[in-house]
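**Q** Everything below, folded, please.
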Amino acid sequence: MPEPQMLMSGIAFGESPRWHDGRLWFADWGAQELIAVDLEGRSEVVVRVPSFPFCVDWLPDGRLLIVSARDRLLLRREPDGSLDTHADLSGLSDYPWNEIVVDGRGTAYVNNIGFEFPCGEFAPGTVALLAPDGSVRQVADGVAFPNGMAVTPDNSTLIVAESYANKLTAFDIAEDGGLSNRRVWADLGDGVPDGLCLDAEGAVWYADVPNKRCVRVREGGEVLQTIDLD
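**A** Numbers count the residues shown, from 1 in each chain. Sure thing, here's the model as predicted:
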């Protein structure tokens with residue numbers, strides 16, 4: 001198995017790694033920046049955000065969406081580099097928003113942890129839908145610290161990490177973007193899923209911060225590979 005290689009250091013607080021257009025993109029919310037780095041370690045600050053950029057994804061037309069967590073806004077980066085408000089999520093929760101994923105039809109799912117982390121008393125979180133027509137609504141609740149999310153390539157299934165429940169949860173996606181048929185996609189045992197992504201074979205890679213590892217699992221929970229990180 002190839003050894004992990006360091007691409008970049010000096011990151012204040014990295015979140016939401018995404019592979020896009022030949023580079024690894026991530027939010028450094030400690031520095032209020034979105035950074036892209038290639039496999040040679042060449043990095044670029046793509047945009048600076050006045051609040052805390054927690055997570056990013058792209059619309060089908062290539063424009064970038066950024067979760068501005070504390071402002072409870074979803075920002076959109078235009079081709080000229082300017083930032084506009086894509087959606088105001090403040091009407092759905094008083095707490096910060098966390099992760100985003102956009103499906104192939106341009107529907108965005110954004111989750112909210114449901115309490116003031118890290119000092120507040122735990123409460124379950126939610127998932128909201130932002131439709132291509134601009135409408136926003138809640139589509140799931142009772143999620144135990146929702147974290148990384150992924151949509152299957154056929155736009156039929158949303159997978160959500162429940163960090164405080166040690167599992168990956170799946171939902172069927174309806175034509176209007178609504179969610180149903182909630183089920184356990186993988187019970188992770190002592191695994192604590194944070195960010196995640198789907199690979200080409202339909203397995204999920206998830207980052208497990210407390211256990212300092214990245215883990216590849218298939219539906220049902222079988223562990224296929226583990227990369228331990230110092």
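**Q** pLDDT below threshold where in the protein?
**A** Counting by pLDDT under 70, the chain shows low-confidence ranges at 1.
**Q** how does it look with 80?
**A** 1-2, 230 (pLDDT under 80).
**Q** Where does residue 164 sit: helix, strand or coil?
**A** Taking DSSP: H, G, I helix; E, B strand; the rest coil as the rule, one finds residue 164 in the helix state.
**Q** Distance check, it against residue 214.
**A** According to CB to CB, to the nearest Å, residue 164 stands 19 Å off from residue 214. All C-beta atoms are positioned from the backbone trio N, CA, C, and that covers glycine.
**Q** got the buried residues for stretch 63-71?
**A** Judged by neighbour count (16 or more other CB atoms under 10 Å), stretch 63-71 contains these buried residues: 64, 65, 66, 67, 68, 69, 71.
**Q** Apologies, that question was intended for stretch 190-208.
**A** Of the residues in stretch 190-208, 191-197, 203-208 count as buried by neighbour count, 16+ other CB under 10 Å.
**Q** again with stretch 74-84
**A** For stretch 74-84, the neighbour count (16+ other CB under 10 Å) marks 74, 75, 76, 77, 83 as buried.
**Q** ok, so what distance separates the last one from residue 60?
**A** Taken as CB to CB, the spacing of residue 83 relative to residue 60 amounts to 19 Å.
**Q** same deal with the first one?
**A** Residue 74 sits 16 Å away from residue 60, taking CB to CB as the criterion.
**Q** Excluding chain neighbours, what is closest to residue 140?
**A** Of all residues not flanking residue 140 in the chain, residue 127 sits nearest, at 4.0 Å (CB to CB, 6 or more residues apart in numbering).
**Q** What is the host helix or strand of that neighbour packed up against?
**A** Using DSSP states H and E, the secondary-structure element containing residue 127 is strand 125-130. For strand 125-130, the elements it packs on are strand 108-112, strand 136-143, strand 146-151, judged by 3 or more CB pairs under 8 Å, 6 or more residues apart in numbering; DSSP states H and E.
**Q** Count the residues that sit near residue 91.
**A** When neighbours are counted by other CB atoms under 10 Å, residue 91 registers 9.
**Q** May I ask you to confirm that it belongs to a helix?
**A** No - looking at residue 91 with three-state DSSP, it is coil, so not inside a helix.
**Q** Can you give me every residue that contacts it?
**A** Listed by CB atoms under 8 Å, 6 or more residues apart in numbering, the contact partners of residue 91 are residue 136.
**Q** ditto for residue 44
**A** Residue 44 neighbours (CB under 8 Å, 6+ apart): 35, 36, 37.
**Q** what's the closest of those residues to residue 94?
**A** residue 35 (29.5 Å; CB to CB).
**Q** Can you give the contact residues for the helix or strand containing the closest one?
**A** Here residue 35, judged by DSSP H and E, is contained in strand 33-37. Under the criterion CB under 8 Å, 6+ apart, residues 7-8, 11, 20, 23-28, 43-49, 53, 56, 64, 66 lie in contact with strand 33-37.
**Q** what's around residue 155, how many residues?
**A** Using other CB under 10 Å, residue 155 has 14 neighbouring residues.
**Q** Does it touch residue 172 like I think?
**A** No - here residue 155 does not reach residue 172: they are 10.7 Å apart, not a contact under CB atoms under 8 Å.
**Q** Tell me the one of the contacts of residue 44 nearest residue 90?
**A** Each of those was scored against residue 90 by CB to CB, and residue 35 proved nearest at 27.0 Å.
**Q** Bridging across strands, which residues link to the closest one?
**A** In this structure, residue 35 has beta-bridge partners residue 26, residue 45, where bridges are defined by DSSP bridges.
**Q** I am finished for the moment; much appreciated.
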